[in-house]
Every structure is written in structure tokens, then in C-alpha cells.
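Peer 1: Turn this into a model:
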Amino acid sequence: MLGERKMQTENCSVLFADLVGFSRLVELRQNEVIERQTRLMREITDPLLAKFDGRKVKTLGDGFMCQFQDQINAVEFSMAFLEAVKDFCAHEPERDVFVYRLGLHFGEVIILEGDVLGNTANIASRLESANCSSSQRGNIHPQ
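Peer 2: From the prediction side, this is the model:
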């Protein structure tokens, strides 16, 4: 029963990230794209989360969800992550360019068995999945 599980509420920033066009890339070069995306997570995402005191809640195939107690750290992580992805791709110009779409929101969440739930997480997810034109990719836009 849900009532018997340990549930707590807190205010935090929730970020969702998604690799744009992942399905198309995997369809063309599955092994290469998955290996490279996994390497990006290990070499860029995880160290940046540690640097900005973030916590990876879960991976979502080609994306991830993370949590920050500090709003400024969440925004700084977002900017550093997007810049690091550009640099990562610039070092391999012959390979596909990875573009990530991010959604970030701050508010009250429910923490249940390590997962982050509630309206704040829903809004961050919706912001991430909101359609953006190619001219907006790699930029941060307030909603």
C-alpha cells in the first residue's frame, strides 16, 4: 500500500533532458549512437551533476531526470551541460551532432522510494517535451 511507504515532500528543481532525434539516429547507426550517448553520460553528465550537487533520479532511454536542491546550481548545470555537449560533438566532427532539449522547474515534489513525483516534475517534463525550432536549440528560454 502506498500509505505504508516512506513519502516526503520538499522544494527542489527538477530537470528533464532528452536527446533530440534519438530514434532516427538509432535507426541509422544503433550501436555507434548508443555507445556514444552512454559515453557522454559517463564523461559529461555524471561529473557535471557531481560538480553542481545534482542527483540523477533515473535515465529514460536517451534522456535523464535529475534533481537539484539549489535553483542556481540547476541553471548552471543546464548551461554547462549544453556547452559540454557542443564541445563533445566538436571533438568528433565526422559524427552526428547531439542536441539536447531540457525542461527545468522549481517547486514542491514528493520523494517516494528515490523517485521524484508531483506537479513540479510534470511541469519540467512538459517543458522538456515542448516543441522548439532548430533556431532555439542549445539556448535557454524562460516559459
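
Peer 1: where's the residue most central in space within the chain relative to N31, distance?
Peer 2: By C-alpha atoms, centre = their mean, the chain has its centre lying nearest to A17, at 2.6 Å. Look at A17 and N31: by C-beta to C-beta, to the nearest Å, they are 22 Å apart. Every residue, glycine included, has its C-beta placed from N, CA and C.

Peer 1: which residues in the protein form helices?
Peer 2: Using DSSP state H, the helices found in the chain span residues 22-40, 46-51, 71-90, 119-129.

Peer 1: Measure how the third one sits relative to helix 119-129, angle-wise.
Peer 2: Here helix 71-90 runs at an angle of 30 degrees relative to helix 119-129 (axes from the mean of the first three to the mean of the last three C-alpha atoms, to 10 degrees).

Peer 1: Then the first one?
Peer 2: Regarding helix 22-40 and helix 119-129, their directions subtend 110 degrees when assessed with the same axes, to 10 degrees.

Peer 1: For helix 22-40, which outside residues touch it?
Peer 2: Residues from elsewhere that reach helix 22-40 (C-beta atoms under 8 Å, 6 or more residues apart in numbering): L19, G61, D62, V85, F88, E92, R95, D96, F98.

Peer 1: so where's the protein shaky on pLDDT?
Peer 2: For the chain, the stretches with pLDDT under 70 are 1-4, 131-143.

Peer 1: So what's the residue count around the nearest residue to A80 once chain neighbours are set aside?
Peer 2: Closest residue to A80 in three dimensions, ignoring its sequence neighbours and counting by C-beta to C-beta, 6 or more residues apart in numbering: L48, at 5.5 Å. L48 has 18 neighbours, counted by other C-beta atoms under 10 Å.
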